[in-house]
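Chemist: Let's see this in three dimensions:
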Amino acid sequence: MNLTRKLNMPFENIVEKIRNGLKEEGFGILTEIDVKVTLKKKLDVEYPNYKILGACNPPLAKRTLDIDKEVGTLLPCNVIVYEIDQGVQVSIQRPTEMMKILNNKDLNEVAQEAESRLNKVIENL
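Modeler: Residues are numbered from 1 along each chain as shown. Just a heads-up that it's a prediction; the model follows:
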């Protein structure tokens, strides 16, 4: 379901590499949720570093929305970065898996292009 990579480098360095990699592939960050900060603020609990980045490639998003307006429930592409015992894990949802829900050949083609770009982001970390 996800493109995943485990890395052994500082958390914030990986987040920055993800941002840069997404930008190189035409994605911007629409949303960012710092789960650690949110859980501390809302529940007063300590939690390891965990960020959710909502990435969007505007031309690909427009193409998908032009095909099916309901695809908006599956956007943006979520990228998670979180600490694990052995370092940091990065996971990006696979657009091809998400689009299977709608069973539309035209959407699958756009999803394959998006996934190819996102895979480059993971590979270049």
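Chemist: Do you know the pLDDT at the residue nearest to Lys120 when sequence neighbours are not counted?
Modeler: With Cβ to Cβ, 6 or more residues apart in numbering as the criterion, Lys120 has its nearest non-adjacent residue at 5.8 Å, and that residue is Glu25. Backbone N, C-alpha and C define where each C-beta goes, glycine included. Looking at Glu25, its pLDDT stands at 98.
Chemist: Touching, Leu125 and Thr4? I think so.
Modeler: No - with contact defined as Cβ atoms under 8 Å, Leu125 and Thr4 do not form a contacting pair (10.8 Å).
Chemist: Overlap in contacts, those two.
Modeler: Common neighbours of Leu125 and Thr4, counting by Cβ atoms under 8 Å, 6 or more residues apart in numbering, are Val90.
Chemist: who's more crowded, the two?
Modeler: Between Leu125 and Thr4, Leu125 has the larger neighbour count (other Cβ atoms under 10 Å), namely 15 against 12.
Chemist: what residues are up against that one?
Modeler: By Cβ under 8 Å, 6+ apart, the residues touching Leu125 are Arg5, Leu7, Ile14, Lys17, Ile18, Gly21, Val90.
Chemist: For the residue lying farthest from the centre of the chain, give its distance to Ser91.
Modeler: Distance from the C-alpha centroid of the chain, by Cα atoms, centre = their mean, peaks at Asp44 (26.8 Å). Distance of Asp44 to Ser91, given as Cβ to Cβ, to the nearest Å: 27 Å.
Chemist: distance between the ends of stretch 28-46?
Modeler: 29 Å (Cα to Cα, to the nearest Å).
Chemist: buried residues in it?
Modeler: Residues of stretch 28-46 classed as buried: Lys36 (neighbour count, 16 or more other Cβ atoms under 10 Å).
Chemist: Could you do stretch 90-100 as well?
Modeler: Val90, Ser91, Ile92, Gln93, Arg94, Pro95, Thr96, Met98, Met99.
Chemist: Repeat that for stretch 6-19.
Modeler: By 16+ other Cβ under 10 Å, the buried positions in stretch 6-19 come out as Leu7, Phe11, Ile14, Val15, Lys17, Ile18, Arg19.
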